[in-house]
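Undergrad: Provide a 3D model corresponding to the input given below.
(one chain, ligands or ions: 1)
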Amino acid sequence: EKTSHVQEEKQELLEKDRQYLWHHISPHNENPIIFEKGQGSRVTDIDGNEYLDAMSGLWCVNVGHGRETIAEAAMMQMKKLGYVPLSNSHAPAVNLAEALNDWLVEDYRFFFSNSGSDANEVAFKMARQYHQQKGTYGKYKILSRYRAYHGNSMGAMGATGQASRKLKYEPAGEGFKHVPPPYCYRCPFGKEPNSCSLECASAIENMIEWEGEASVAAVIVEPVITGGGMIVPPDGYLQELRAICDRHDVLLIVDEVICGFGRSGEPFGHRNFDVIPDIVTMAKGITSAYAPLSATAVRQEIYEVFKQKEATSHFRHVNTFGGNPVSCAVALENLAIIEEEKLVEEASDMGAFLAEELSVLWEFPVVGDIRTFGLMAGIELVEDRESKTPLAVEKMNQLLAFCREKGVIAGKNGDTVPGFQNVLTLAPPFIITKDEIRQILAVFKEALAGVTA
Ligand code: PMP
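TA: Numbers count the residues shown, from 1 in each chain. Below is the predicted model:
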């Protein structure tokens, strides 16, 4: 009888879902899985089926599901003070800003918003205003790479370099330009890894010169391109980009929305490359997605430029929910968990284990490339290794559906419009166990055998 009650409830929810809910990104998903609860690396649907959440939702539930102490921190703060705007102050925001500063190498100042897109919009507006205040007028262009994802709003979409995210929504904001990505497997410059001259980095300097140094405000990059298909740059790329930005008085914005807070095996992704960004944007892992929050961290020298006397010299940007006390309290508890349980080290260790285990997948001819970075992996699938033709999207969908049926939620990333949605991705919670990783790999092997046949 209990089962029939659940079935009734599920049918009712599905009917209402079909009538009222507009799902994100998926094309009119008529049969969504209705999830009910989560614990550790696993989520459970309304029928009681368990899945390994091998993508941590959208690369974000880093400390895993079902954290009681985060729930308690949220409840305590909500009871005490649910909201005041950040034109004044509150303890959770102050304490969080201080805690975040400890995650970075130099001293930064923090502006709180709600989402990764928001954090990037703030970074772009700050970069433009910074140059105006400093007297380097006319520097407004923002450069980024093709295949990058930086968000959904007009500016962040402008910086996004994936045609599939923009088609039918353009034009985005003015002044966003793209350079080819540092994509060694399909080098846009026709070079081979380890024997090139980092043409992918020089392309950015060329663009700055061709566009006119006097018109370029900032470059935004992720330490590795994640959602655009796990594109890991060659050695020296980010360091060279830092030098290029210095040569041309261009700010370096590093988007750590995914790579931040241990995902890369280091506190922040850029720390793998020993560069100091001018601006760092962060979201997702800041609360492990238990509450919406993001931050734009700016080097103190940049902040100083906003302290001039005219009426328009401060940053005139407001965001009602940004830095909400409950979200900040959640972030503080999330960061405390990461520290107490040494989860950055854990992510690094599990990432190394995952990278090792993944090498068994080379036996499948559809595997074109395997790229890992911290606790993230992208397996680029191709019709055959010779032509490198991307595996057809339908086959990718079948493969993911198979994995889901076997209880593993993996991801598919790239850019659909040119037909590159062929990177199978993994970014499990930091608390994933070796056994769970082996389980994922066993399912992948079965799935890939199915595609090959
Ligand atoms: N930057 C990167 C690198 C991202 O992956 C994302 C989200 N996937 C964003 C920005 C935008 O974040 P949000 O969805 O929170 O706006």
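Undergrad: For Ala355, which phi and psi angles does the backbone take?
TA: The phi/psi pair for Ala355 (degrees, to the nearest 10) reads phi -60, psi -40.
Undergrad: oh sorry, the question was meant for Pro234
TA: Per degrees, to the nearest 10, the backbone of Pro234 is at phi -70, psi 160.
Undergrad: Contact partners for it?
TA: 182, 184, 193-194, 196, 198, 200 (CB atoms under 8 Å, 6 or more residues apart in numbering). From N, CA and C alone the C-beta is placed, and that goes for glycine too.
Undergrad: give me that answer again for 10 Å
TA: By CB atoms under 10 Å, 6 or more residues apart in numbering, the contact list for Pro234 reads 182-184, 187, 191, 193-194, 196, 198, 200-201, 240.
Undergrad: Flag every residue of this structure that's near the ligand.
TA: Within the chain, the positions adjacent to the ligand are 58, 115-117, 120, 149-152, 222, 226-227, 255, 257-258, 283 by CB under 6 Å from any ligand atom.
Undergrad: Looking at neighbours, which among the residues you listed is most surrounded?
TA: The residue in the residues of the chain next to the ligand with the most neighbours, by other CB atoms under 10 Å, is His150 (34 neighbours).
Undergrad: how many other residues sit next to His24?
TA: Per other CB under 10 Å, the neighbour tally for His24 reads 8.
Undergrad: Next: Asn334.
TA: 26.
Undergrad: Next, work out how far apart it and the ligand are.
TA: As judged by CB to the nearest ligand atom, to the nearest Å, Asn334 and the ligand stand 15 Å apart.
Undergrad: Contacts only, for Thr389.
TA: So Thr389 contacts 368, 382-383, 419, 422 (CB under 10 Å, 6+ apart).
Undergrad: And those, which of them are buried?
TA: Neighbour-count burial (16 or more other CB atoms under 10 Å) applied to the contacts of Thr389 gives 368, 382-383, 422.
Undergrad: quick one, what contacts the residue of the stretch 1-150 of the chain found nearest the ligand?
TA: Relative to the ligand, the nearest point of the stretch 1-150 of the chain is Gly116 (2.3 Å; CB to the nearest ligand atom). Listed by CB under 10 Å, 6+ apart, the contact partners of Gly116 are 58, 60, 149-152, 156, 255-258, 260, 281-284, 286, 294.
Undergrad: between the contacts of Thr389, which is nearest Ile432?
TA: For these, the residue nearest Ile432 by CB to CB is Asn422; the value is 24.2 Å.
Undergrad: so where's this structure shaky on pLDDT?
TA: Applying pLDDT under 70 to the chain flags residues 1, 452-453.
Undergrad: One more pass at 80, please.
TA: 1-2, 416-419, 452-453 (pLDDT under 80).
Undergrad: Can you show me the strands along the stretch 1-150 of the chain?
TA: 35-39, 42-45, 50-53, 108-113, 141-145 (DSSP state E, counting those that start in this stretch).
Undergrad: Just name the most buried of those strands.
TA: Mean neighbours per residue, mean count of other CB atoms under 10 Å, is largest over these for strand 141-145, with a mean of 25.
Undergrad: just checking, what packs against that one?
TA: Applying 3 or more CB pairs under 10 Å, 6 or more residues apart in numbering; DSSP states H and E, we find strand 141-145 packed against helix 116-134, helix 154-159, strand 176-179, helix 199-211, strand 216-221, strand 251-255.
Undergrad: Of all residues in the stretch 301-450 of the chain, which one is closest to the ligand?
TA: Closest point on the stretch 301-450 of the chain to the ligand, by CB to the nearest ligand atom, is Asn413, at 9.8 Å.
Undergrad: Please settle this for me: is that residue part of a helix?
TA: No. In this structure, Asn413 is strand, not part of a helix, as judged by DSSP: H, G, I helix; E, B strand; the rest coil.
Undergrad: neighbours around it, how many?
TA: With other CB under 10 Å as criterion, Asn413 counts 26.
Undergrad: Give me the secondary structure label for Ala297.
TA: Assigned by three-state DSSP, the conformation of Ala297 is strand.
Undergrad: How about Gly151: what's its closest non-neighbour residue?
TA: With sequence-adjacent residues excluded and distances taken as CB to CB, 6 or more residues apart in numbering, Gly151 is closest to Ser117, at 3.0 Å.
Undergrad: Test my guess that the one you found contacts Thr296.
TA: No. At 11.5 Å, Ser117 does not count as touching Thr296 under the criterion of CB atoms under 10 Å.
Undergrad: Residues that sit against both of those two, list them.
TA: Common neighbours of Ser117 and Thr296 (CB under 10 Å, 6+ apart) are 281, 283.
Undergrad: measure Ile220 to His90 for me?
TA: According to CB to CB, to the nearest Å, Ile220 and His90 sit 30 Å apart.
Undergrad: all helices of the stretch 301-450 of the chain, in order?
TA: 325-340, 343-358, 393-405, 434-452 (DSSP state H, counting those that start in this stretch).
Undergrad: Tell me what angle the longest one forms with helix 343-358.
TA: It refers to helix 434-452. Put simply, helix 434-452 runs at 40 degrees to helix 343-358, going by axes from the mean of the first three to the mean of the last three CA atoms, to 10 degrees.
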